[in-house]
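Asker: here is a sequence together with a model predicted from it:
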There are 2 protein chains.
Amino acid sequence: MSTSNIHHTPVNFAQKYSLFTEQWQPKVIAQMNDYQFKLARLEGEFLWHSHADTDETFIVLEGRLRIDFREGFVELNAGELYVVPKGVEHKPYAEKEVKLMLIEPSGVINTGSDTNERTAQNDVWI
Amino acid sequence: MSTSNIHHTPVNFAQKYSLFTEQWQPKVIAQMNDYQFKLARLEGEFLWHSHADTDETFIVLEGRLRIDFREGFVELNAGELYVVPKGVEHKPYAEKEVKLMLIEPSGVINTGSDTNERTAQNDVWI
């Protein structure tokens, strides 16, 4: 029997977003080696934090995200990417809900080196 | 003097695509730790190849991509992602030009373990 018709399934961002509405709760959609791709909905202001051991990539899929730094800021619209270098303090902010993808090593906590009331459950797949 | 007005610049995919038209020549647009984000234009058929040491992520930004495997295939439209596991032979194909983003460790060669007439120059930034 030929197996050439096996149709593998890609990860569709819109379909994955239809599965959750919670904000500030990144959901894992794929893994590449020890890195994870996470979708999140953000709205409002987060806390200052940094990741001591890794860079962190933000890609905006819909809406607008601002990331504040201790010196300056960056604004991302849909179709834009920014890599926050490891150790750099940052604070995401979105005036209206923004849909974004995070790419970072598995195990990275959203609040960085601190654990607090904004710390999301890690490694939640959808 | 306040430095809070420093406006950092995100990577804009459309702007980066305006800088090149060559097909099958991935261009690096960002790096996260030892991983690179690359934009590419593909059209037609590539060669069978695999990457022995790493997974490879494809995200389609515009158009449609088919990736053939020795068993089956996957089709990706804009807003879809697929991770080809390490060691798995694959052959990308696009009937019309597709714009995509590749994410993989720096140093990965587009033709995998073989070097041939389709091997692109590596680590070319735009």
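Answerer: Sure thing, it's come through. Residues are numbered from 1 along each chain as shown, chains lettered A, B, ... in the order given.
Asker: what does chain A have sitting close to chain B?
Answerer: Contact residues, chain A versus chain B (CB under 8 Å from any CB of the partner chain): A:3-14, A:29-33, A:35, A:37, A:54-57, A:61, A:69, A:71-76, A:79-83, A:86, A:103-105. All C-beta spots, glycine's among them, are computed from the backbone N, C-alpha and C.
Asker: and the pLDDT at the spatially most central residue of chain A?
Answerer: Taking CA atoms, centre = their mean, the centroid of chain A lies closest to residue A:102, which sits 2.6 Å from it. Looking at residue A:102, its pLDDT stands at 98.
Asker: thinking again about what came up before, report the buried members of the residues of chain A next to chain B.
Answerer: Buried by 16 or more other CB atoms under 10 Å in any protein chain shown: A:10-13, A:29-30, A:32-33, A:35, A:37, A:54-57, A:61, A:69, A:73-76, A:79-83, A:103-105, out of these.
Asker: among these, which lie within strands?
Answerer: Counting by DSSP state E, the part of those found in strands is A:11-12, A:29-30, A:32, A:35, A:37, A:56-57, A:61, A:69, A:73-76, A:80-83, A:103-105.
Asker: which ones are touching the closest residue to residue A:106 other than its chain neighbours?
Answerer: In space, and not counting its chain neighbours, residue A:106 is closest to residue A:36: 4.8 Å by CB to CB, 6 or more residues apart in numbering or on different chains. Counting by CB atoms under 8 Å, 6 or more residues apart in numbering or on different chains, residue A:36 touches A:28, A:30, A:103-106, A:123.
Asker: farthest-separated two in those?
Answerer: Longest distance between any two of the contacts of residue A:36 is 14.6 Å, between A:103 and A:123; criterion CB to CB.
Asker: roughly how far apart are the residue nearest to the centre of chain A and residue B:114?
Answerer: Distance of residue A:102 to residue B:114, computed by CB to CB, to the nearest Å: 34 Å.
Asker: CSV please, covering the contacts of residue A:36 and showing distance to residue A:48.
Answerer: Shown next, in CSV, are the contacts of residue A:36 (distance: CB to CB, whole Å):
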residue, distance to residue A:48
A:28, 24
A:30, 29
A:103, 21
A:104, 18
A:105, 21
A:106, 23
A:123, 24
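Asker: which one of those residues is nearest residue B:50?
Answerer: The closest of the contacts of residue A:36 to residue B:50 turns out to be residue A:30 (CB to CB; 18.8 Å).
Asker: which residues are in contact with the closest one?
Answerer: Counting by CB under 8 Å, 6+ apart, residue A:30 makes contact with A:11, A:36-37, B:57, B:81, B:83.
Asker: try residue A:80
Answerer: A:59-60, B:10-13.
Asker: change it to 7 Å
Answerer: A:60, B:10-12 (CB atoms under 7 Å, 6 or more residues apart in numbering or on different chains).
Asker: which other helices and strands contact the worst-scoring helix or strand of chain A on mean pLDDT?
Answerer: Counting by mean pLDDT, DSSP states H and E, chain A has its least confident helix or strand at strand A:7-8, which shows a mean of 92. Here strand A:7-8 touches strand B:73-77, going by 3 or more CB pairs under 7 Å, 6 or more residues apart in numbering or on different chains; DSSP states H and E.
Asker: neighbouring strands - and their directions - for the strand it packs on?
Answerer: strand A:7-8 (parallel), strand B:64-69 (antiparallel) (DSSP bridges).
Asker: looking at those, spot the one closest to residue A:90.
Answerer: The closest of the strands paired with strand B:73-77 to residue A:90 is strand B:64-69. By CB to CB, the value is 32.8 Å.
Asker: tilt between that closest one and strand B:80-84?
Answerer: Here the directions of strand B:64-69 and strand B:80-84 differ by 20 degrees (axes from the mean of the first three to the mean of the last three CA atoms, to 10 degrees).
Asker: so residue A:70 makes contact with residue A:89?
Answerer: Yes: the pair residue A:70 and residue A:89 qualifies as a contact (CB atoms under 7 Å) at a distance of 5.3 Å.
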